[in-house]
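A.B. asks: Need the 3D shape of this:
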Amino acid sequence: GNDAALGDGTHPLQTFHGAIARANAVGAADMSIELAAGTYAFASEGTDSPVVINQDMVINAADVTLDGAGDHGDAPDPWISGLIIGPGAANVTINGLIIVNFKDGIVLNSDGGCLTLAGVNVSQCETGFKVVDTYQSTVDLTGSSFEDNRIGLHVTGGSAGNLFSFGAFDNNQADGIRLESDGESPDDNRFEGIQISGNAGNGILILDGSGNVISGCAISGNNHSQTAYGGIAVFSGCNQVVDSIFDQNSCYGVYADNALSAQPFMAANNSWISGDGAPSGQGPGSGDAVSDYVEFTPWDGYVDTGDDDNDGWSNTAEQQAGTNQFDATDYPTTTAFTVGGPGADDDNWGTADYPLQTLHGAVARINTLAEADYTINLATGIYDLGIEEDSPLSPVYNVSIIGSRIEADATILDGAGAANWLNGLTVNLG
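C.D. replies: Model prediction:
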């Protein structure tokens, strides 16, 4: 090839630098670059200067590696970033590229652009992906991975209002994702559906910025060096994580600095799949720990056992029924209760979709309600001291209890071993 050639399949260009320079100069709306398989290094490129994309384009790079290893000597502006996507590029797609041994694997400096990295792998760089002074941009990382860099993704320089989705930031030597000021703080960025796992430092470190949201991410096995804080470490207020999964992060699943004492970090509605499924530390469970200044309630599987308005219905039951848990005059009017089945819990509403767990729980619920004719539908199974409490069953209102007598699929009350539940049912007639 020759960088002075036409650049088509018959007359190819010679270097990656030459291809990007030609594309920038031509400025066609449907520009694409087809890179032949192989390794493109600064020594073989014949020039040690940055590669800056300032034009919309598609780069197809299956089995192509950009390798920045080598001695740049006294080059005044060396090729230390694998690719720089500049403000002139509004829509760039890169397919299947491997980038290694640069200071920054990819640098994004854009305003309102769209960047798609499909099946791109960046490793062995100081920073895998650096986003600086970038605003209102959409970054799709489907199938891409950033691993074995010092930092996977560094969002800095006031970058704000960007959406980062999918991809993986795994096994980096420090943090998977870092948000950090460089004169201006990174605000209102959103991270969706990203895997952040196995990083030696924090999975996500928010040093600066507000309004940043982490949603639907899988955050696991981070801080294995135990020299950082954990899955997420937050030093700046008004950020949140939601609908995400935390699993086996060392030290903390979520750590919030003392600076958040007046306004805790919002970490509600997440899944803590280690241990018993609830956060530990300041939480009540044995999953990943949460520190002080983290608002973690509710979580996936959380049951609110309180009754804020003292109307006999738990907060969870009222949330399920759509009534106001803070208004004693607004409550479910249910008179038929279901016991047993998937997701059963005695703080549930008590319908077939939200069943109670025990017969004792159903009777206790009815006894706190207004006088009426009630029905309890018992799912088939054995109701014994394995789930029932050892206390008398004594309904105070009219109640019909319906089970099954089918031998192979019966409803059985079993009081074996009970010290206080001596009668299956105690009925006081009056």
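
A.B. asks: Quick one: the helices in the stretch 251-400 of the chain, in order.
C.D. replies: With helices called from DSSP state H, counting those that start in this stretch, the stretch 251-400 of the chain shows them at 315-321, 359-367.

A.B. asks: What is the longest helix of the chain by residue count?
C.D. replies: helix 16-26 (DSSP state H).

A.B. asks: neighbouring contacts of that one?
C.D. replies: 3, 7, 13, 31, 33, 35, 40, 45-47, 49, 51-55, 57, 66, 88 (C-beta atoms under 8 Å, 6 or more residues apart in numbering). Every C-beta, even on glycine, is put in place using the N, C-alpha and C of the backbone.

A.B. asks: In space, not sequence, find me the middle residue of this protein.
C.D. replies: Note on the chain: the residue nearest the mean C-alpha position is Cys217, at 2.0 Å, using C-alpha atoms, centre = their mean.

A.B. asks: Which residues belonging to the longest helix of the chain are considered buried?
C.D. replies: Within helix 16-26, the residues that count as buried by 16 or more other C-beta atoms under 10 Å are 16-24.

A.B. asks: Switch those over to TSV; also include distance to Ala364.
C.D. replies: Listed next are the buried residues of helix 16-26 as TSV, based on distance: C-beta to C-beta, whole Å:
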residue	distance to Ala364
Phe16	73
His17	76
Gly18	79
Ala19	74
Ile20	72
Ala21	77
Arg22	78
Ala23	73
Asn24	74
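
A.B. asks: Quick one, grab the pLDDT at the residue nearest to the centre of the chain.
C.D. replies: According to the prediction, Cys217 has pLDDT 98.

A.B. asks: Which phi and psi values does Ile401 adopt?
C.D. replies: Phi and psi for Ile401, reported as degrees, to the nearest 10, are phi -110, psi 120.

A.B. asks: What pLDDT is listed against it?
C.D. replies: Value for Ile401, per-residue pLDDT: 94.

A.B. asks: What of Arg22?
C.D. replies: pLDDT, Arg22: 90.

A.B. asks: And Glu192, by the same measure?
C.D. replies: Note for Glu192: predicted pLDDT of 98.

A.B. asks: need the contact list for the closest residue to it other than its chain neighbours.
C.D. replies: Residue nearest to Glu192 in three dimensions, not counting chain neighbours: Ser165, with 4.5 Å by C-beta to C-beta, 6 or more residues apart in numbering. Neighbour list for Ser165: 138-142, 191-194 [criterion: C-beta under 8 Å, 6+ apart].

A.B. asks: so what's Ser165 bridging to?
C.D. replies: On the basis of DSSP bridges, Ser165 takes part in beta bridges with Asp140, Glu192.

A.B. asks: same thing with Leu83?
C.D. replies: Ile106.

A.B. asks: tell me the contacts of it?
C.D. replies: So Leu83 contacts 51, 53, 66, 94, 99, 105-107 (C-beta under 8 Å, 6+ apart).

A.B. asks: one more time with 7 Å
C.D. replies: By C-beta atoms under 7 Å, 6 or more residues apart in numbering, Leu83 lies in contact with 51, 53, 106.

A.B. asks: Highest neighbour count among the residues you listed?
C.D. replies: Counting neighbours by other C-beta atoms under 10 Å, Ile106 comes out on top of the contacts of Leu83 with 27 neighbours.

A.B. asks: In ChimeraX, select just the buried ones from the contacts of helix 16-26.
C.D. replies: The buried residues among the contacts of helix 16-26 can be selected in ChimeraX (16+ other C-beta under 10 Å) with this line:
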select :3,7,13,31,33,35,40,45,47,51,52,53,54,55,57,66
